[in-house]
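[1] Using only what follows, build the 3D model:
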Amino acid sequence: METKLLLQLDGLEHELRAPARDDKFTLTVNESLKVRAGSFISILGDNGCGKTTLLSLLGLLREPDKVNGVFQVNGKDISNLRSRKKEKYLESLRRQFIGFALQSGELLPTLTVAENIAVPMRLNGIGQKESSKRIKELLEIFEIVGKSHARINTLSGGEYQRVVLARAIAHSPNIVFVDEPTSALHRKRAELALRLLKETALEKPDTAIVMVTHDQKFAEYFSDWIVDMAPVDMESERGGKKQAAGTIIAIRSNSPQEENGAVSADNPVFSPRKSDSKLGRARYYTCLTWTDVYRERASGLHAFIIAACQFYYCLD
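    As a prediction, this is how the structure comes out:
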């Protein structure tokens, strides 16, 4: 018996434009991508292949230019919804059905650790008593109990990442999107944080994790499905200029190494990585614009706060 289908995308086309440079990036998906309950899926590929763009489309932060076939989320084909009804429905899905652990985290600096974790629960109308209980549970699971009242700028890199992951699952979403968890952390710290996320999030029925990564060893270590992406060159319509593009080249099953034996310091996933001054600096730029923020405001205060927070995450 197959598990519940949480998301299905049969295919799409989407362009990101940079008019000032007369440049664009085109993402095409010609494979049928399905996210089922209980699965851990990695979107794997080199820089520039469109991994984060695809994640933003699957996470409903962007609307694709063209959908080829079905784009179904939580049992409903959202590609056929009328404009006004669609906006309201997508806002509800983003708030309740989806959790995000962004590449650079972007916790709110004016809030404490506990207050940051509480944000998605408050936006979903979860009461104070239940929220406090959930916060306490997540602080214990991610081993940051002593940081409950700490400000974000006092956290170490590992503590920061664990708070990001705790916040992503605080409201018990059905799909958790994780973007490049190794970008700002040593692999061992990232592995331990993701293991806690996997054990905690997938305890809930009808939940899945989708992770974006460029690290093949990391993907193979955790995932039961891997979506391989690659950059491709396309000829532009004007002057035959090469245009950047990316696409899915394969979707394959995988036996997670994490489930095949005990973790040890000798595991390749723990191997040291070269330092990179750019690691952790990239922002999750593929999210809502100010137009989206004000549009969401019409749907209510909760929607406006969500949209504003999502826009805040884009800032340098």
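
[2] Now for the closest residue to Gly45 other than its chain neighbours, how many residues are close by?
    Nearest non-adjacent residue to Gly45, counting by Cβ to Cβ, 6 or more residues apart in numbering: Met229, 3.5 Å away. Using the backbone N, CA and C atoms, a C-beta is placed for each residue, glycine as well. Neighbour count of Met229, defined by other Cβ atoms under 10 Å: 24.

[3] so how far is Pro109 from Met229?
    Here Met229 is placed at a distance of 33 Å from Pro109 (Cβ to Cβ, to the nearest Å).

[4] Over to Ala168?
    In terms of Cβ to Cβ, Ala168 sits 18 Å off from Pro109.

[5] More neighbours: those two, which one.
    Using other Cβ under 10 Å, the more surrounded residue of Ala168 and Pro109 is Ala168, with 23 against 9.

[6] For that one, what is the enclosing helix or strand?
    Counting by DSSP states H and E, the element that carries Ala168 is helix 157-169.

[7] Mind listing what's buried along that helix?
    Using 16 or more other Cβ atoms under 10 Å as the test for burial, helix 157-169 gives 158-169.

[8] Report the contact partners of the closest residue to Phe97 other than its chain neighbours.
    Of all residues not flanking Phe97 in the chain, Asn174 sits nearest, at 5.1 Å (Cβ to Cβ, 6+ apart). The neighbourhood of Asn174, defined by Cβ atoms under 8 Å, 6 or more residues apart in numbering, consists of 6, 37, 74, 97-98, 206-208.

[9] In PyMOL, how would I select just the buried ones from those residues?
    The buried subset of these, as determined by 16+ other Cβ under 10 Å, is captured in PyMOL by this line:
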select buried, resi 6+37+74+97+98+207+208
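
[10] Sitting in strands, which of the contacts of Asn174 do you find?
    6, 98, 208 (DSSP state E).

[11] Check the contacts of Asn174 and tell me the two furthest apart.
    Ala37 and Ile98 (14.2 Å; Cβ to Cβ).

[12] Now do the helices in the stretch 101-250 of the chain.
    113-123, 128-141, 157-169, 187-201, 216-222 (DSSP state H, counting those that start in this stretch).

[13] quick one on the thing from earlier: please report the distance of the residue nearest to Gly45 from Gly48.
    Distance, Met229 to Gly48, using Cβ to Cβ: 10 Å.

[14] Now the common contact residues for those two.
    Gly246.
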